[in-house]
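J.: give me a 3D structure for the following:
(2 chains)
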Amino acid sequence: MTNREWNLRRNCCLSPRQLALAFLILFALSALVSGIFLLLHGAWQVFLFAMLEMLGVAFAFLCYGRHATDHEHIALTDNCLLVERVLGGKTHQYRLDPDHTRIAAPKTSRDLIKLEARGSRIVVGRFVTAPSRRLFADELRQELNARLRKGSVA
Amino acid sequence: MSTTTIADHPHDHAHERPHGRERWLYATNHKDIGTLYLWFSLVMWLVGGLLAMLIRAELFQPGLQVVEPELYNQFVTLHGLIMVFGAIMPAFVGLANWMIPLQIGASDMAFARMNNFSFWLLPPAAILLTASLFAPGGATAAGWTLYAPLSTQMGMGMDLAIFAVHIMGASSIMGAINIITTILNMRAPGMTLMKMPMFCWTWLITAYLLIAVMPVLAGAITMLLTDRHFGTAFFNAAGGGDPVMFQHIFWFFGHPEVYIMILPAFGVISQIIPAFSRKPLFGYASMVYATASIAILSFIVWAHHMFTTGMPVTAQLFFMYATMLISVPTGVKVFNWIATMWKGSLTFETPMLFAIGFIFVFTIGGFSGLILAVSPIDIQMHDTYYVVAHFHYVLVAGSVLSLFAAFYYWVPKWTGHMYNETRGKIHFWGSIITLNLTFFPMHFLGLAGMPRRYADYPAQFTDFNMLTSVGGWVYGLLQVYFVFAILLPVIKGGQKAPAKPWEGAEGLEWTVPSPAPFHTFEVPPTVK
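T.: Numbers count the residues shown, from 1 in each chain, chains lettered A, B, ... in the order given. Next comes the predicted model:
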C-alpha cells in the first residue's frame, strides 16, 4: 500500500503530441509559402531556406518535446521507497529500503537530492527547481522519520 | 486576466549571478539578454537617427549642400536597413526577452544558449552593415527594398548588406523559435492561452509571422547574390529572368515585416491602456482574433506596394480590397482601446501619454495607408513623400512611441527606480509635437509630387522641407535628452520603485520585486 507519493516534473504546458501539432501548423504555413514561390517562380532558394528553417524548428521542438514528459515518481510504501524515472520516454525503476534510507539534502541550489540505502545511491530532483527540491527533501525526511518513530513505538 | 501567485521570491541567489564581461558575453539569463537587445537597438537607433539628421540637413534647402547624391542614397538605404533590422526589430525582441517569461511565469526562455547566440549574431551584422559605408564604392544605395536590377549592379557594399541581412534574419528566426517554444510550453499552471497577457499573444503571432516570411527574404537576397556573382539570371531580363519577380518575393516578406514591427506595439499598448484606465482590456478575445486576422491578411496584400509595375485590373482590385480589409481588425483594436478608456479612472502618467499618443498618430498612419491602398491613388502617390509620411507615421510614430511607452511602463521593473515624471512628460510632449512637425508636412510634399530618394528638389518644396528638417532635428535632440536626462539617471538611481508601481497594472510581472531578481519564478506561480 502506498503511504505517500511525489511527482517531480518540470512545468510544460504542451504534451509532445500537442507540440507536434504546433510544428505541423508552422510547417504547413512555411511549406505553403515557399512551395508557391517554388512552383510559380522557380525560386528554389526560398524553398531551401524555408526547409532549413523548419529543420531548425523541428530540432528545437524535438529537444524540448523529447523531454517534455520527463518526470520522477517517488512512492513510499510499507516495504520500499520506489523511484520511477521517465527520461526521454524510457522508464527506470529503483527500489530502496525505506528503513535504511539516508537523504543528503541539496546544499546549493544546483545540487540534487541523494538517496542512499544499503550501498545503493540514487540522485533525484533533476526536473524541478531548487525550492521544489528542498521541499521534497524535507517532506520525505519527515515521512521517513515518522515511519521510524512508529516502528520503534511498535 | 486575473492572476494569483503562490510563488515566493525568497532570495536572489546573488552568489550565482555571473559578473563582469562573462555576464554579458555568455549571458543565458533572459533579463540580461533582454537588456543587451535593448542597448543594441538604442545604439543602432542613434546611428540610424544620425543618418536621418544628415538626410534632413541635405534636404533643408534645394541644391546640394552637405553630401553628394551617391552618398545621400547610401545614407537613405542604410537609414532604412538599420532602423528596420537593427533598431525596431531587436528592440521588440529585447522587450520579449525581458517580459514574456515574467508575464507567463516562466523561469527563463526555453533555449537560453540559443538566445545568447541569436543576440551575439547582431553586433557583427550591424558592423558589416555600417562599415559597408567605407567599402570600395560605398554602401548599398538601392534603398532598403534592395530592388533589382539596381542591386545587381552595385559594389561590394551590396554584398556586405546581403550578408548582414542574412545574419540578422538568422538571429530573428532563432528569436522566433525561442519565443514560440517558451510561450507554448512554459506558461505557469492555470495560464491558458486565453488568459495570456496581450503582449505575449501579439508576440506569439509575430513569431509565427517571422518563421513564415524570413526564409522568403533569405531566398530573395540569395538569388540576388547568385545573380551578382554566380551567373544566374533570376532578375535579369536579358538572361530570361524578371526584375519584377524580386519585388514580388521581397514584398511577400516586406509586408508581413511591417506587421512584425507593429503587432508587438499593439501588445504593449494593450497592456498600458487598461493599467492607467483601471479597467480590464475591453474585448480581450476580439483583440486576440483581430491580431491573428491582421497577421493572416498580411500575407495576401503584398502587391499593393507594386501597383505601378503593371498588373491586371482583377489583381489590382484584389490587392486593393484585401488591403482595405485590414482596416477592419485594426479598427477593432483602436475601438477596443478607446472603449477600455471609456468611463475608466484615467490618469496620465508618461506611459499612458505615449500610449494615447500612439493611438492618435498610428491612426493617422493607418488612414494614409488606407488611402494608399486605393490603386488609382497609389499610382499617383507611388514613390512620393506621401508614402514616406505614411510609413514614418506607422513606424516612428507607431512602433517607436510604443517602445517609449513600454520603456516608461516597465523601467521600474527593470531598474528598481522610478523615472523622473516631469522629464518623461517633457520627452512625450516634445516628441509628439516634433514628430508631427517632421512627418505631417511630408503628406503635402507628396501630394504636390515631390519624389523620394532624391538629394535635391525644386524650390517650390522648400518651405515644407525646412519645416520637416527643423522638426526632425528637434526630435533628434529630444532623444539625446531622453538618453541623458531620463535613461541614464533611472539606471543610476532615483526613487525606489515598489513591486507594483502602477495601481491598475495587472499581471505576473508585478508580483516580483523591483528590480526583478536575477532568477524569477523558479517555482511556477499558479494562475486562477
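
J.: next SSE after whichever strand or helix holds B:G169?
T.: Element membership of B:G169 [criterion: DSSP states H and E] is helix B:156-185. Later in the chain than helix B:156-185, the nearest helix or strand by DSSP H and E is helix B:198-229.

J.: for the residue in chain A that chain B sits nearest to, pull up the helix or strand it's in.
T.: Going by C-beta to the nearest C-beta, chain B is nearest to A:V46 of chain A, at 3.0 Å. Bear in mind the C-beta positions are built from the backbone N, C-alpha and C, glycine included. Using DSSP H and E, A:V46 maps to helix A:44-66.

J.: what residues of that helix count as buried?
T.: Residues A:45-50, A:53-54, A:56-57, A:60-61, A:64-65 are the ones in helix A:44-66 that count as buried (16 or more other C-beta atoms under 10 Å in any protein chain shown).

J.: touching chain A at all, stretch B:171-184?
T.: Yes: legend: contact between stretch B:171-184 and chain A by C-beta under 8 Å from any C-beta of the partner chain is shown at B:173-174, B:177-178, B:180-181, B:184.

J.: nearest spatial neighbour of B:H427, chain-adjacent residues omitted?
T.: B:F482 (5.2 Å; C-beta to C-beta, 6 or more residues apart in numbering or on different chains).

J.: the one you found: neighbour count?
T.: When neighbours are defined as other C-beta atoms under 10 Å in any protein chain shown, B:F482 has 21 of them.

J.: how is it assigned, secondary-structure-wise?
T.: Put simply, B:F482 is helix when judged by DSSP: H, G, I helix; E, B strand; the rest coil.

J.: any idea how far it lies from chain A?
T.: Taking C-beta to the nearest C-beta, to the nearest Å as the measure, B:F482 falls 36 Å from chain A.

J.: picking up where we left off before, contacts only, for the residue lying closest to the residue of chain A closest to chain B once chain neighbours are set aside.
T.: Leaving aside its sequence neighbours, A:V46 sits nearest to B:G219 (C-beta to C-beta, 6+ apart; 3.0 Å). Neighbouring residues of B:G219 by C-beta atoms under 8 Å, 6 or more residues apart in numbering or on different chains: A:34, A:37, A:43, A:45-50, B:249.

J.: please repeat the previous calculation with a cut-off of 7 Å.
T.: Applying C-beta atoms under 7 Å, 6 or more residues apart in numbering or on different chains, we find B:G219 in contact with A:37, A:43, A:45-46, A:49, B:249.

J.: re earlier: so what does the helix holding B:G169 touch, helix or strand wise?
T.: Other elements packing on helix B:156-185 under the criterion 3 or more C-beta pairs under 7 Å, 6 or more residues apart in numbering or on different chains; DSSP states H and E are helix A:44-66, helix B:89-104, helix B:112-120, helix B:122-131, helix B:198-229.

J.: what residues sit buried inside it?
T.: Here helix B:156-185 shows B:157-185 as buried, counting by 16+ other C-beta under 10 Å.

J.: confirm that A:I74 sits in a helix.
T.: No: under three-state DSSP, A:I74 falls outside any helix and is assigned strand.

J.: confidence score at it?
T.: A:I74 carries a pLDDT value of 92.

J.: the closest residue to it other than its chain neighbours: what secondary structure?
T.: Distances taken as C-beta to C-beta, 6+ apart place A:W6 nearest to A:I74, at 4.6 Å, with adjacent residues excluded. The three-state assignment at A:W6 reads strand, by three-state DSSP.

J.: what does A:Y94 give?
T.: Secondary structure, three-state DSSP: A:Y94 is strand.

J.: what sits against it?
T.: Neighbouring residues of A:Y94 by C-beta under 7 Å, 6+ apart: A:83, A:122.

J.: beta partners of it?
T.: Beta-bridge pairing of A:Y94 under DSSP bridges involves A:V83.

J.: gap between it and A:V123?
T.: Between A:Y94 and A:V123 the distance, using C-beta to C-beta, to the nearest Å, works out to 10 Å.

J.: next one: B:V490
T.: The gap separating B:V490 from A:V123 is 45 Å, by C-beta to C-beta.

J.: A:S120 contacts A:L96, correct?
T.: Yes: using C-beta atoms under 7 Å, A:S120 makes contact with A:L96 at a distance of 6.1 Å.

J.: more crowded one of these two?
T.: A:L96 (21 against 13).
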